[in-house]
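>>> Return atomic coordinates for the entry below.
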Amino acid sequence: MEKKTLRYKLRRYIQGKLSEENSRAFLSYVKSGKDKILLQELIQEVLDDPIDQHLLDDPTLLAVLDNTWDQLHLQINKPKTRSLWDWKRIGAIAAAIIGLLFIGRWFLVVENKSVAPQAAQNVISPGKQSATLTLANGKQIRLHETQNGRLVEESGIRISKTTDGQLIYEVSGKTQGEIEQNTLSTTKGETYRIKLPDGTQVWLNAASSLSYPVSFANQRERTVTLTGEAYFEVAKDAKQPFIVQQQISRSKCSVLISM
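Reported below is the predicted structural model:
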């Protein structure tokens with residue numbers, strides 16, 4: 001690949017402006033080990049460019065720093081030196097978590113890679129354990145006002161509240177009809193934890209909301225929509241990628257893949 005073309009694709013990838021298909025093709029090219037010396041030179045150029053300095057403050061990219069560099073290191077067959085490790089901005093180059101800008105929304109595709117959980121402390125701040133659950137029919141449930149135990153059962157899914165204040169979705173029977181969507185939302189000063197039907201756990205920060213299907217059965221992808229901030233501990237499933245659609249660019253999430 002020509003240097004000009006490789007530089008263009010690298011920048012577009014870092015900025016999240018490649019399509020999903022082109023992003024996967026670019027990562028595949030990086031993994032192939034072709035032009036590894038040229039790629040190193042271009043990475044250095046990009047990292048030294050003041051235009052890209054704002055990327056260094058992205059907590060999600062920094063959270064995947066270790067995993068990202070390990071992946072790139074294996075492909076370019078170079079020693080993992082301290083000078084490279086000290087480049088915090090290397091996390092913006094070939095993230096195992098792909099940020100895609102597509103039709104006005106940020107799509108975060110979570111692949112099955114282990115990700116360091118340190119960023120959770122930066123994302124989730126202390127707050128009152130409370131939230132509002134909005135069901136598919138529009139009914140709202142103020143969780144701090146309800147008793148523990150089963151809250152509702154719909155479409156073969158049982159929704160319960162535990163004694164430690166967690167919302168849990170469990171499959172109680174065969175899912176019937178169209179998959180319904182629920183929304184968990186918090187106001188300022190509130191936080192809440194939810195266990196999705198696939199076992200993924202989410203810590204929702206204050207003034208945030210998470211919309212999700214009550215079941216991921218028979219779906220190619222596990223897709224949820226986030227507004228605000230959250231920390232995800234994703235249940236591993238290679239056949240069903242977990243995708244976070246972020247409604248606004250200011251939304252933040254950190255991810256840990258359960259092994």
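
>>> Where does the prediction get shaky in the protein?
Within the chain, the ranges that satisfy pLDDT under 70 run 14-16, 33, 40, 43-44, 46-127, 155, 173-177, 247-259.

>>> any idea where the helices of it begin and end?
3-14, 20-32, 36-47, 59-63, 65-76, 82-85, 120-123 (DSSP state H).

>>> Look up how far residue 6 lies from the closest residue to residue 143 other than its chain neighbours.
Leaving aside its sequence neighbours, residue 143 sits nearest to residue 131 (Cβ to Cβ, 6 or more residues apart in numbering; 5.2 Å). Bear in mind the C-beta positions are built from the backbone N, C-alpha and C, glycine included. In this structure, residue 131 and residue 6 are 46 Å apart, going by Cβ to Cβ, to the nearest Å.

>>> likewise residue 237?
Taking Cβ to Cβ as the criterion, residue 237 is separated from residue 6 by 33 Å.

>>> neighbour count winner among residue 131 and residue 6?
Ranked by neighbour count (other Cβ atoms under 10 Å), residue 131 and residue 6 place residue 131 first, with 26 against 19.

>>> which residues sit in contact with that one?
Taking Cβ atoms under 8 Å, 6 or more residues apart in numbering as the contact definition, residue 131 lies against 143-144, 167, 184-186, 190-192, 204.

>>> Now residue 184: closest residue in space that isn't a chain neighbour?
Nearest non-adjacent residue to residue 184, counting by Cβ to Cβ, 6+ apart: residue 210, 5.0 Å away.

>>> Same question for residue 142.
Nearest non-adjacent residue to residue 142, counting by Cβ to Cβ, 6+ apart: residue 132, 5.7 Å away.

>>> Ok, residue 192 next?
If the residues on either side of it in the chain are set aside, residue 192 comes closest to residue 131, at 3.6 Å by Cβ to Cβ, 6+ apart.

>>> What distance do you get for the one you found to residue 228?
Relative to residue 228, residue 131 is positioned 12 Å away (criterion: Cβ to Cβ).

>>> which neighbours do those two share?
Shared contacts of residue 131 and residue 228 (Cβ under 8 Å, 6+ apart): 186, 204.

>>> about what we covered before: quickly list what the residue nearest to residue 142 is bridged to.
Note on residue 132: beta-bridge partners by DSSP bridges are residue 142, residue 185.

>>> wait, isn't it in contact with residue 185?
Yes - assessed by Cβ atoms under 8 Å, residue 132 is found in contact with residue 185 at 5.2 Å.

>>> coming back round to it: for the contacts of residue 131, which one is nearest residue 150?
Distance ranking of the contacts of residue 131 against residue 150, using Cβ to Cβ, places residue 167 first at 11.6 Å.

>>> beta partners of that closest one?
In this structure, residue 167 has the following beta-bridge partners (DSSP bridges): residue 161, residue 194.

>>> In contact with it, which residues?
131, 133, 143, 159-161, 184, 192-195.

>>> Filter these down to the buried ones and hand me the PyMOL line.
Restricted to the buried members of these, where burial is judged by 16 or more other Cβ atoms under 10 Å, the PyMOL selection command reads as follows:
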select buried, resi 131+133+143+159+160+161+184+192+193+194+195
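
>>> ok, residue 242 - contacts?
Residues in contact with residue 242 (Cβ under 8 Å, 6+ apart) are 110, 198, 200, 221-222, 224, 232, 234-235.

>>> Same list, these, but as TSV with distance to residue 26 and neighbour count please.
Below are these laid out as TSV (distance: Cβ to Cβ, whole Å; neighbours: other Cβ atoms under 10 Å):
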residue	distance to residue 26	neighbour count
110	18	22
198	29	20
200	27	24
221	20	10
222	24	21
224	25	21
232	24	26
234	23	23
235	28	18
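
>>> Cool, thanks, talk later.
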